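Participant: one predicted model, sequence on top.
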Amino acid sequence: MIHYLKHMAIFARVVDEGSFRAAARDLNLAPSRVSQTVSDLEDHLGITLLYRTTRKISLTNEGRMFYPRVVDMLRNAEMGLNELNALSVEPVGALNVSLPAYMSSSHISTFLADFIREYPRVSLSVSYTDHLVGLVESGFDLNIRIGWLDDSSMVARKLGEFERVLVAGAKYAASRPKPTKPEDLSDWEWISYKQRNENIEFSSADKKSVMSFNHSRLQVDSIDALFHFVRQNVGISVLPLHLAKSGLVSGELVQLLPDWTLSPVGCYAVWPDKSRRANLTLLLARFLAEKEQAYAVASKC
């Protein structure tokens, strides 16, 4: 069986990636080589592990039994390598990371660039999506999450907070009476974000107000799309300050109710309790937290 450990690892990667072609790209191998390797493993075991069609693959009953055992074997091997890696002077390895799509040009992404410069033997594969992704199911070692922490099986470290602002396109704002309190916005067009509760809490010097924005004819699933449509003067929405800042500076956007504030949202690094690459994951989380702390101090100066 020792001669088939590589075959088993390739089989697991095919399952994780969902196809021979995707696994081949990830492993930098020819698809025919990947397919033949899995076939050789099946011949050795005398069972079929995968159903193959022209469009997709799926696990057989035996494959479903075998796959988690292979994953456990690979995880234990990686944990052993992590322990050895912790003893080495220079961290070595690869991490799969996911971030919200609108953070692709944020300072968090800049910190990732700083990380690979500081640790030249560590590589990162970064996925940007505004949809909440499962860590274990999607093969990520670490996620950056904004505002949601509902998985008690995960380890989390708070990196910082993101300020938010309520904005409108300058032309849209000019077409309406200037609002002075949240209730003045009840009949304004709202651009809705699918992943967000639209009950927005506002605070002023002496009072709080929770506004429910239900007057919406446009809903999107991307923060970048919110930014785009606000600039098209079709409604108002809440945006991260770092994203809205360029529009506010240019005058293309207007901040509404500047005397009222929105509560910031937390930014967290989240990873599995039993990470496959525990030491590298923790190293990255600490690095991001330290960078974010320094960034927050510098921003207040």
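Facilitator: Done, it's in.
Participant: okay, and the helix or strand of this protein with the least pLDDT?
Facilitator: None of the helices or strands of the chain scores lower by mean pLDDT, DSSP states H and E than helix 135-138, at a mean of 68.
Participant: which SSE is immediately downstream of that helix?
Facilitator: Next along the chain after helix 135-138, taking DSSP states H and E as the criterion, comes strand 142-146.
Participant: quick one: contacts of that following strand?
Facilitator: 95-100, 103, 108, 132-133, 135, 159, 162, 265-271, 275, 281, 284-285, 288 (CB atoms under 8 Å, 6 or more residues apart in numbering). Yep, even glycine has a C-beta here, placed from its N, CA and C like the rest.
Participant: ok, Asp187 touching Ser216?
Facilitator: No. Look at Asp187 against Ser216 with CB atoms under 8 Å: they stay out of range, at 11.8 Å.
Participant: and those two? which has more neighbours close in?
Facilitator: Under the neighbour definition other CB atoms under 10 Å, Asp187 and Ser216 were set side by side, and Ser216 has more, 14 against 8.
Participant: contacts only, for that one.
Facilitator: Per CB under 8 Å, 6+ apart, neighbours of Ser216: 189-192, 198, 235.
Participant: do that again at 6 Å, thanks
Facilitator: Applying CB atoms under 6 Å, 6 or more residues apart in numbering, we find Ser216 in contact with 190, 192.
Participant: quick one: secondary structure of it?
Facilitator: What DSSP: H, G, I helix; E, B strand; the rest coil gives for Ser216 is coil.
Participant: Leu41 now?
Facilitator: Here Leu41 is recorded as helix under three-state DSSP.
Participant: averaged pLDDT, the lengthiest helix in the chain. What do you get?
Facilitator: Scanning the chain for the helix with the most residues, using DSSP state H, yields helix 61-87. For helix 61-87, the mean per-residue pLDDT is 77.
Participant: swap in stretch 291-301?
Facilitator: Averaged over stretch 291-301, pLDDT sits at 78.
Participant: start the count at 876 instead of 1 going forward.
Facilitator: Okay, using 876 as the starting number, the last item reads as stretch 1166-1176.
Participant: could you count how many residues lie near Gln1168?
Facilitator: Neighbours of Gln1168 (other CB under 10 Å): 12.
Participant: now the most centrally placed residue in the chain, nearest residue through space, not along the chain?
Facilitator: In the chain, the centroid-proximal residue (CA atoms, centre = their mean) is Leu974; its distance is 2.7 Å. In space, and not counting its chain neighbours, Leu974 is closest to Ile1019: 4.5 Å by CB to CB, 6 or more residues apart in numbering.
Participant: that neighbour: neighbour count?
Facilitator: 22.
Participant: what's the answer for Val1129, then?
Facilitator: Using other CB under 10 Å, Val1129 has 20 neighbouring residues.
Participant: coming back round to it: and the longest helix of the chain, how far out from the chain middle?
Facilitator: In terms of CA atoms, centre = their mean, to the nearest Å, the centre of helix 936-962 is set 24 Å apart from its chain centre.
Participant: do stretch 1048-1063 as well
Facilitator: Relative to its chain's centre, stretch 1048-1063 lies at 34 Å (CA atoms, centre = their mean).
Participant: again, but for stretch 930-948
Facilitator: Using CA atoms, centre = their mean, the offset of stretch 930-948 from its chain centre is 26 Å.
Participant: cool, and stretch 1140-1150?
Facilitator: Remark: stretch 1140-1150 is offset 10 Å from the chain centroid, using CA atoms, centre = their mean.
Participant: relative to Val1145, how far out is Gly893?
Facilitator: The spacing between Gly893 and Val1145, counted by CB to CB, to the nearest Å, is 23 Å.
Participant: nearest spatial neighbour of Tyr1170, skipping sequence neighbours?
Facilitator: Per CB to CB, 6+ apart, closest to Tyr1170 is His982, 5.7 Å.
Participant: hmm, I typed the wrong one, I wanted Ile991.
Facilitator: Leu999 (5.9 Å).
Participant: the host helix or strand of the one you found: partners in the sheet, and parallel or antiparallel?
Facilitator: Per DSSP H and E, Leu999 falls inside strand 997-1003. Strand pairing for strand 997-1003, determined by DSSP bridges: strand 968-974 (parallel).
Participant: CA-only coordinates of the strand it pairs with, as PDB, when you get a sec.
Facilitator: Provided in PDB are the C-alpha atoms of strand 968-974 (Å, rounded to 0.1, in the frame of the first residue of the first chain):
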ATOM      1  CA  GLY A 968       4.200  25.600   2.900                       C
ATOM      2  CA  ALA A 969       1.000  26.700   1.200                       C
ATOM      3  CA  LEU A 970      -2.300  28.100   2.400                       C
ATOM      4  CA  ASN A 971      -5.700  28.500   0.800                       C
ATOM      5  CA  VAL A 972      -7.400  31.700   1.900                       C
ATOM      6  CA  SER A 973     -10.700  33.300   1.200                       C
ATOM      7  CA  LEU A 974     -11.700  37.000   1.500                       C
END
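Participant: perfect, I'm done here.
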